[in-house]
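**Q** the sequence and its predicted three-dimensional model are supplied below.
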Amino acid sequence: FPDSRTLSMDNLATATIRCLCADIVQKPNSGHPGAPLGMAAMAHVLFSKVMHFNPENPHWLNRDRFILSNGHASSLLYTMLYLSGYGIRAEELSTFRALNSRLAGHPENNLVPGVEVTTGPLGQGISNAVGMAMASRHLAARFNKADVKPVDHHVFVFCGDGCLEEGVSAEAASLAGHLGLGNLIVLWDDNHITIDGPTTISFTEDVLKRFEAYGWNTMAVANGSEDHDAIQRAVEAAKQVTDRPTLIRVSTVIGYGSKNAGTHKVHGSPLGEEDIAQLKTRFGLDAAKKFQVPAEVAQYYEAVKQAGIRSNQQWDALMQRYRAAYPAEAAELERLTSGQLPANWRAALPTFPAGKKEATRKLSEAVLNALAPALPELLGGSCDVTPSTCNYLKCSTDFQKGHYEGRNLRFGIREHAMVAILNGMAHYGAGLIPFGATFFVFSGYAMGAMRVAALSHARAIYVLTHDSIGVGEDGPTHQPVEVLTQLRALPNMLVVRPADGNETSGAYAAALEHHGPTAIVLSRQNVTCQAATSVEGVARGAYAIAGPAAGEKADLILIATGTEVTPCVEAAAALPNLKIRVVSAPCLELFRRQPMAYKQALLGGAPVLSVEAGLTAPWCLYSHCQLGVDTFGLSAPAEQVYDHFGLTAPKIAQKAARLAQLFHEQPLPQLPFVTATLLD
């Protein structure tokens, strides 16, 4: 076997990477060693010979981005960040998958600098990368000048067979090809293995031909586990193709060097101490040493780090010239990258007069177009339903190939990719705030990406219209009675269902200040703007808009969201003998954050009836009785469907009167939202 002192630096560094990955996975006896062993040469080439980055300034705007889409190979990413100097300590390598370790089982962007996005669910990372490439192209179109280009870098991706089998990657790749994103380079780890066995049992298409049909440049490397020069030549050639994204098929051997190399057995099981020992011996390292990094490799990667620091310094000098020549553009670019919203942006939020009747999707259009000139970081589009979702920014143009300055994104009929792309744009690191619109029922297609957005705190806005049984004649296939509950179940997700125009302004205000995703759920049918609704009320999640104020004596409390607020106000007016407080609750997540004293003042002391055209389960915490829809909807005119489910003003009033009478005669039980805190 070769002695480490006789190996070339590329081979020694790659051997070191492989053995570090094997040790990292072996320590917790949990993880995926196969892909890291196969992709080690790819990682070494990319990190040490191709990419520009500065570990001492991980948020440098003009760094090359790297996304590990096959996130189960996380030990490879952690190894590269460790060698490159991103602040992972040597002793941390033995904490992989341990409680409170920064080295999570799959990469999480909020734990370790250098992890750009959270990956693990296959297909998400490559789709995020499309969003990052779009963000880069957009900023370059806005800020680059002929003589100085502050935004000029690439987005690199590692992905596996599984990523390319997932539908979301197909949606995103199709759009990337249409847009000609030449700053996107994907290296496909073509190791011919999935968990079940060889890919021939289910995945035999010509992937390169498929991507060529999408409009991609395609290339191939025959020996990706060993041929460093071929990998580097392919990547450098891809960088010269500026009008198309590139997919490089890198043929590798999964588990390269291990006893089970080339089989599915090495995908998700640690190698074992015996196999790791022979692996180290085979690659010229000391079989007895754990987490070893030869001095030559450490020195080599220190030089890589210093080169990255110099690249950053050269860019800093470029920015000095840019500031001198283009001070206004420089100030705006620096504001964006700081993450600070423009001063006085709230002054752009419109207010709406009481009595105005309009659908909240149309009111959203008014809010978006009032905010867009004041917030140049706001951009987005829909999944081919813009005339219905009403989200076109009239102050800008379309984002298209060669016209990347536009702020109106055309996602086509690709809901899952849309949300994954928004995640990539949100995590790009330049303050962009993307939004995506579709019918509420079709958010189910995108739920996987929404979940990752919530986990990774991606500040993206989902404009979700046609929100309930109010869709009417389109029937239960298009009436999303359960989706509100699904989205509310996601930690870190704000779900805002505004009752009118003022609350729609409040919904956008909440979304812009939330460090995570926000779903704004909007109606197809008209609502009546109420006199007491406000942006400030939305910030509290729930607040009184009619009847006795919070803390004052009430006979009954009606709590509702969205389109059901108006009939609750009408129902209260139809019962003049009862003191009824009407509470609008546009965002339960924000309401949960309020002090207990406020929540008890608002909902305590009287029976509470909740009214919402969706599942009633979430309201059991906040009400004594619930009116809602616990079945699928019906195909009929909206007014008839609402009447069928008892959600019209007369039927709400009837139920409200009976509830008030019931609890006039017996003790009022404490609501679960109060008792749930007793054990805290």
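**A** Nice, I can see it.
**Q** name the nearest residue to residue 408, ignoring sequence neighbours.
**A** Using C-beta to C-beta, 6 or more residues apart in numbering and skipping the chain neighbours, the partner closest in space to residue 408 is residue 398 (5.0 Å). Where C-beta positions appear, they are placed from N, C-alpha and C, glycine not excepted.
**Q** tell me who's in contact with the one you found.
**A** 406, 408, 410 (C-beta atoms under 8 Å, 6 or more residues apart in numbering).
**Q** residue 133 now?
**A** Residue 133 neighbours (C-beta under 8 Å, 6+ apart): 155, 176, 181, 183, 184, 245, 424.
**Q** let's see that with 10 Å instead.
**A** Contacts for residue 133 (C-beta atoms under 10 Å, 6 or more residues apart in numbering) come out as 65, 153-155, 157, 176, 179, 181-185, 245, 421, 424-425, 428.
**Q** center of the protein - which residue?
**A** residue 453 (2.6 Å; C-alpha atoms, centre = their mean).
**Q** related to what we said a few turns ago, turn the contacts of residue 398 into TSV, including neighbour count, secondary structure and pLDDT.
**A** Converted to TSV, those look like this (neighbours: other C-beta atoms under 10 Å; DSSP: H, G, I helix; E, B strand; the rest coil; pLDDT from 0 to 100):
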residue	neighbour count	secondary structure	pLDDT
406	17	coil	98
408	20	strand	98
410	16	strand	98
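**Q** and which of the residues you listed is nearest residue 608?
**A** Using C-beta to C-beta, residue 408 comes nearest to residue 608 of the contacts of residue 398, at 42.8 Å.
**Q** isn't residue 509 up against residue 494?
**A** No. Between residue 509 and residue 494 there is no contact under C-beta atoms under 10 Å: 11.2 Å.
**Q** more neighbours: these two, which one.
**A** Under the neighbour definition other C-beta atoms under 10 Å, residue 509 and residue 494 were set side by side, and residue 494 has more, 25 against 20.
**Q** that one pairs with what?
**A** residue 518 (DSSP bridges).
**Q** which stretches in the stretch 451-600 of the chain count as strands?
**A** For the stretch 451-600 of the chain, the strands defined by DSSP state E, counting those that start in this stretch occupy 461-465, 494-496, 518-521, 526-528, 543-546, 556-560, 580-584.
**Q** can you list the strands that the fifth one pairs with?
**A** Which is strand 543-546. strand 580-584 (antiparallel).
**Q** mind listing what's buried in the helix-or-strand element of the chain with minimal mean pLDDT?
**A** Here the helix or strand of the chain ranked lowest by mean pLDDT, DSSP states H and E is helix 672-675, holding a mean of 78. Using 16 or more other C-beta atoms under 10 Å as the test for burial, helix 672-675 gives residue 673.
**Q** spit out the contact partners of residue 333.
**A** 61, 139, 142, 143, 150, 151, 319, 322, 323, 326, 430, 431.
**Q** please report phi then psi for residue 363.
**A** phi -60, psi -40 (degrees, to the nearest 10).
**Q** mind listing what residue 507 touches?
**A** 360, 363-364, 367, 461, 463, 494-498, 518-522, 535, 538, 586-587.
**Q** ChimeraX command for the buried members of those residues?
**A** Applying 16+ other C-beta under 10 Å to the contacts of residue 507, the buried members can be selected in ChimeraX as follows:
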select :360,363,364,367,461,463,494,495,496,497,498,518,519,520,521,522,535,538,586,587
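**Q** just to revisit the earlier point, how about the strands of the stretch 451-600 of the chain in TSV, adding distance to residue 630 and mean pLDDT?
**A** Conversion of the strands of the stretch 451-600 of the chain to TSV gives the following (distance: least, C-beta to C-beta, whole Å; pLDDT from 0 to 100):
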stretch	distance to residue 630	mean pLDDT
strand 461-465	21	98
strand 494-496	19	98
strand 518-521	18	98
strand 526-528	23	97
strand 543-546	26	98
strand 556-560	16	98
strand 580-584	22	98
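**Q** so how far is residue 438 from the nearest residue to residue 411 once chain neighbours are set aside?
**A** Leaving aside its sequence neighbours, residue 411 sits nearest to residue 418 (C-beta to C-beta, 6+ apart; 4.2 Å). Residue 418 sits at a distance of 7 Å from residue 438 (criterion: C-beta to C-beta, to the nearest Å).
**Q** what is the longest helix belonging to the chain packed up against?
**A** Identified as the longest helix of the chain according to DSSP state H is helix 295-325. With contacts defined as 3 or more C-beta pairs under 10 Å, 6 or more residues apart in numbering; DSSP states H and E, helix 295-325 has these neighbours: helix 9-26, helix 34-45, helix 74-84, helix 327-338.
**Q** many thanks, have a good one.
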